[in-house]
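I'd like to go over a predicted model; first the sequence, then the structure.
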Amino acid sequence: MKYPVLVLLIMGMLTGSGYALTPAEQKGLDIALETERRDKGFENYEAKGRMILQSPNGEIAEREFTMYTLEVEDDGDKRVVRFVEPRDLAGMVSLTYSHGLEPDDQWLYLPALRRTKRLAARDKTGSFAGSEFAFEDIGTWEVKKYRYEYLQDDDLDGIATFKVKNIPAYPYSGYSHMFEWVDQKIYQPRRLLYHDVAGRPLKELRFYDYRQFLGQYWRPMKTVMTNLQTGAQSTIEWSEYKFRTSVQEHRFNSNVLRRWSN
Amino acid sequence: MVKLVWNIGTVACLFMVVFLYVPTIAQGEIRGNLEIRGEYFPDGPKFPKQSTKRWQPIVAGEFQWQDEFFDAMSSKVSVFGKYHPFADRELTGDIREGWIGYLGASSELKAGMLNERWGRLEAESIVDILNPRDAFEDFQGDVNLGVPGVSFSYLSDQVQYSFWVLPYSRARRLARGKDRFRLTELPLRDENFSHGRAYPSAAGRITTFLGDVEVGLSHFYGHVRFPSFEVVLDAVGRPLGLRPQYDIINQSSVDVLWVQGHTLWKLESFYQVGPEDHFFAVAAGVEREFPSIAGSKKSLTLFAEGYYDDRSTSFSVPFTPFQRDVFVGARVSLNDFASTEFQIRFTHDWKHESTLVDVRAQRRLDRVWGVEGSVNLFVNAQQDPALGGFREDHRFQIKLIRSF
């Protein structure tokens, strides 16, 4: 019963602001809700990420981290990122509580100072570990964060997709809107085209090599973010996905963040 | 030839050698860093016995090992060692952490050398009292010494209750003899603990997270961490030295952090009762981050903090460098591949009109190597009891760091 209630809440929220959904917006929202429904119930998962940063003039740098995500029933998910490489970042841990329209909460544990710091930036446009990914792109996706407008069915490299326009509904976004190509078969994004606040194309994110886990949950093995204005590129190679691990909910708490660093 | 003095520092250095040569002593993870520092003092020392060497090389390292076993059991060792040929003690070090513990779902029990940080402020967390500071390694007090003890924490939803019993008191490590950054010309004598080092200290802390607000309430009982000083006189009343005096105190404190938009508001306050005085201190600050300057990946963070402490300035009352002070600072992060960062920080004492200028820069050279530089300048510090002893200790420092 929770799913229809959520639909009604979102509908109410949109119509309550004097905004009636057009058929295209309704279909866009339906696609987002179906994406969310298919991904529900994973409880938690972890994955190792190897990020390769490439500057327009060919410089290369690497980062390695492990990402842990906890599904939260009535709010956005919680996510911990623990860095392994480069070695001066080893043991640094970030914790994010993702919320719908409310700003996310974020902390950082700095092992050299043995200190957990609350981060101030509500503007999530800041770079994640020097990459082309913004904190906004790394946070967990929530239906409520966007307004949706279905545009058309589209063929993307031989894959049937829905092309949807997403407009951030939360404050402090660095994007005016983005176009998303959603795989019609697995209901996962295949491509995202971000536009900056002036409406110019800014970045493109591509998802490759989706694999299914526990017979239900699809995850990409590679994601590539390209800055269309500078040519810089950041690639994350994902590995060792594990679902429903023994990680306990209490560990996603800023008071015990230093435990992740151990 | 290095003179070996058997203390916790020497033991820490020996541990480090073991870690260097036998990296597979355990199944757990080892990480740390080894660094070569060069320190340049453009001025000669203020006090006669201090080293006159303008260039001072230092080799230092921190090695950390941690492991988990038997499901919820865990242990951690973090040792620091430093070789400084022109220091009063050439070889120093510390076991900054070294505990074995049970880390359960809602409770945590640790025993050994503990290292805890309380507080929210950037320049100085005035409520942070559990561990004594290594003021020789960092005269600004950012480095804690490990302290032996037992801790227990219970986590309930968003509230954490923590308790510590610390059966042995350690003294703040202060510069002495040949060292730069000495407080006074008078030599430091052995410290005195009013109830003996083996007299236990105890502390309790409650922290909670209420959305945009975080609150910590703490109480500490035991030997004070920042000493008062007793002047040791000879038979005819001439001063021979200063003896750091650690008396028993009770300190209750509160620290609050509030997130408002892009801004962090911070407040710390405590009330301390000791044998010679009881006093109140408060500090408040603001931190504002500006990510993505002009659409780039660069970010700017600004800090401003004010400190007030109404303790007596008598030698018999624990000393503090943050009595009437204002701190402002700025940090620019380029968020490039090298994680390049610049900081400039000013700490101004409005009573004595002295200023500490602190400029820092750092960047990564490759996967394991990094470089850091800093400049410390003491402006108009003659009358300031906290900085007066450092006024000839303007320092340029560069570090080449190898992380592993």
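In hand now; what should we look at? Numbering: from 1, shown residues only, chains lettered A, B, ... in the order given.

CA atoms for contacts and neighbours, from now on please.
Noted.

count of residues packed around B:R31?
19 (other CA atoms under 10 Å in any protein chain shown).

Looks like it contacts B:W65 (just checking).
Yes. If you go by CA atoms under 8 Å, B:R31 and B:W65 touch, sitting 6.6 Å apart.

For the nearest residue to A:Q188 once chain neighbours are set aside, give its distance to chain B.
Once flanking residues are discounted, A:Q188 sits nearest to A:V182: 5.4 Å by CA to CA, 6 or more residues apart in numbering or on different chains. The gap separating A:V182 from chain B is 28 Å, by CA to the nearest CA, to the nearest Å.

Give me the spatial nearest neighbour of B:R345, chain neighbours excluded.
B:R345's closest residue in space is B:G329 (CA to CA, 6+ apart), at 4.1 Å.

What's the local residue count around residue 91?
I'll assume chain A. A:G91 has 23 nearby residues by other CA under 10 Å.

Please refer instead to chain B.
Other residues close to B:L91 by other CA under 10 Å number 20.

Over to B:F136?
20.

tell me the SS of it?
Counting by DSSP: H, G, I helix; E, B strand; the rest coil, the backbone at B:F136 sits in coil.

re earlier: quick one: what helix or strand has the residue nearest to B:R345 in it?
strand B:324-333 (DSSP states H and E).

Distance from the helix or strand following that strand to the middle of the chain?
For strand B:324-333, the following helix or strand on the C-terminal side (DSSP H and E) is strand B:341-349. Distance, stretch centre to chain centre, for strand B:341-349: 17 Å (CA atoms, centre = their mean, to the nearest Å).

Now do the next helix-or-strand element following strand B:341-349 and strand B:324-333, the angle between them.
Using DSSP H and E, the next helix or strand after strand B:341-349 towards the C-terminus is strand B:354-364. Here strand B:354-364 points in a direction 20 degrees away from that of strand B:324-333 (axes from the mean of the first three to the mean of the last three CA atoms, to 10 degrees).

Give me the number of neighbouring residues for the residue lying closest to B:S162 once chain neighbours are set aside.
Once flanking residues are discounted, B:S162 sits nearest to B:S153: 4.2 Å by CA to CA, 6+ apart. Residues near B:S153, counting by other CA under 10 Å, number 21.

element containing B:S153?
With DSSP H and E as the test, B:S153 turns up in strand B:147-156.

how many other residues sit next to A:S246?
8.

Run through the residues of the stretch 101-250 of chain A sitting next to chain B.
Contacts of the stretch 101-250 of chain A with chain B, taken as CA under 8 Å from any CA of the partner chain, map to A:105, A:113-115, A:117, A:119-127, A:129-131, A:248, A:250.

So A:N255 lies in a helix, does it not?
Yes. Assessed with three-state DSSP, A:N255 lies in a helix.

From chain B, how far out is it?
Taking CA to the nearest CA, one finds A:N255 at 7 Å from chain B.

Verify the stated contact: that residue with B:Q160.
Yes. Between A:N255 and B:Q160 there is a contact at 7.0 Å, judged by CA under 8 Å.

Overlap in contacts, the two.
B:T207 (CA atoms under 8 Å, 6 or more residues apart in numbering or on different chains).

Excluding chain neighbours, what is closest to A:Q152?
A:K163 (5.3 Å).

just to confirm, which helix or strand has the one you found in it?
strand A:159-168.

Which strands or helices does that strand pack on?
strand A:146-156, strand A:175-183 (3 or more CA pairs under 8 Å, 6 or more residues apart in numbering or on different chains; DSSP states H and E).

Quick check: buried residues in it?
Applying a neighbour-count criterion of 16 or more other CA atoms under 10 Å in any protein chain shown, one finds A:161-168 buried in strand A:159-168.

Restricting to C-alpha, output that strand in CSV.
The C-alpha trace of strand A:159-168 is given here as CSV (Å, rounded to 0.1, in the frame of the first residue of the first chain):
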residue,chain,number,x,y,z
ILE,A,159,18.8,-0.1,-26.8
ALA,A,160,15.1,1.0,-26.5
THR,A,161,14.9,3.9,-24.1
PHE,A,162,12.5,6.5,-22.7
LYS,A,163,13.9,10.0,-23.1
VAL,A,164,12.8,12.0,-20.1
LYS,A,165,13.5,15.6,-19.0
ASN,A,166,14.4,15.8,-15.3
ILE,A,167,14.1,19.2,-13.5
PRO,A,168,15.7,19.4,-10.0
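
sorry, back to before: what sits against the residue nearest to B:R345?
B:302-304, B:343-346.

hey, which strand is longest across chain A?
strand A:201-213 (DSSP state E).

Next SSE downstream of that strand?
Past strand A:201-213, the next helix or strand by DSSP H and E is strand A:217-227.

Mind listing what's buried along the very next helix or strand once past that following strand?
With elements assigned by DSSP H and E, the helix or strand that comes after strand A:217-227 is strand A:233-243. By 16+ other CA under 10 Å, the buried positions in strand A:233-243 come out as A:233-238, A:241, A:243.

Pull the number of nearby residues for the closest residue to B:G177 other than its chain neighbours.
Nearest residue to B:G177, sequence neighbours excluded (CA to CA, 6+ apart): B:D88, at 5.6 Å. Neighbour count for B:D88, taken as other CA under 10 Å: 17.

Residues of the stretch 301-404 of chain B that sit close to chain A?
B:335-337, B:339, B:367-368, B:370, B:403-404.

Make a ChimeraX selection of whichever of these turn out to be buried.
The buried residues among those can be selected in ChimeraX (16+ other CA under 10 Å) with this line:
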select /B:335,336,337,367,368,370,403,404
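
if you skip the residues just before and after it, what's nearest to B:N380?
B:S354 (4.8 Å).

quick one: contacts for that neighbour?
B:348, B:378-384, B:387.

give me that answer again for 7 Å
B:348, B:379-381, B:384 (CA atoms under 7 Å, 6 or more residues apart in numbering or on different chains).

so how far does stretch B:294-304 reach from one end to the other?
Taking CA to CA, to the nearest Å, stretch B:294-304 runs 23 Å from one end to the other.

So which bits of that stretch are buried?
B:297-304.

surely the residue nearest to A:Q152 meets A:D153?
Yes. At 5.9 Å, A:K163 counts as touching A:D153 under the criterion of CA atoms under 7 Å.

about what we covered before: give me the pLDDT value at the residue nearest to B:R345.
B:G329 carries a pLDDT value of 98.

ok, now how distant is it from chain A?
For B:G329 relative to chain A (CA to the nearest CA), the value is 16 Å.

just B:T347 next, same as before
20 Å.

list the contacts for that residue?
Counted by CA under 7 Å, 6+ apart, B:T347 has contacts B:325-328, B:355-357.

near chain A, which residues of the stretch 51-200 of chain B show up?
Counting by CA under 7 Å from any CA of the partner chain, the residues of the stretch 51-200 of chain B close to chain A are B:66, B:105, B:117.

and the first one, what does it touch?
Meaning B:Q66. A:262, B:28-30, B:75-77.
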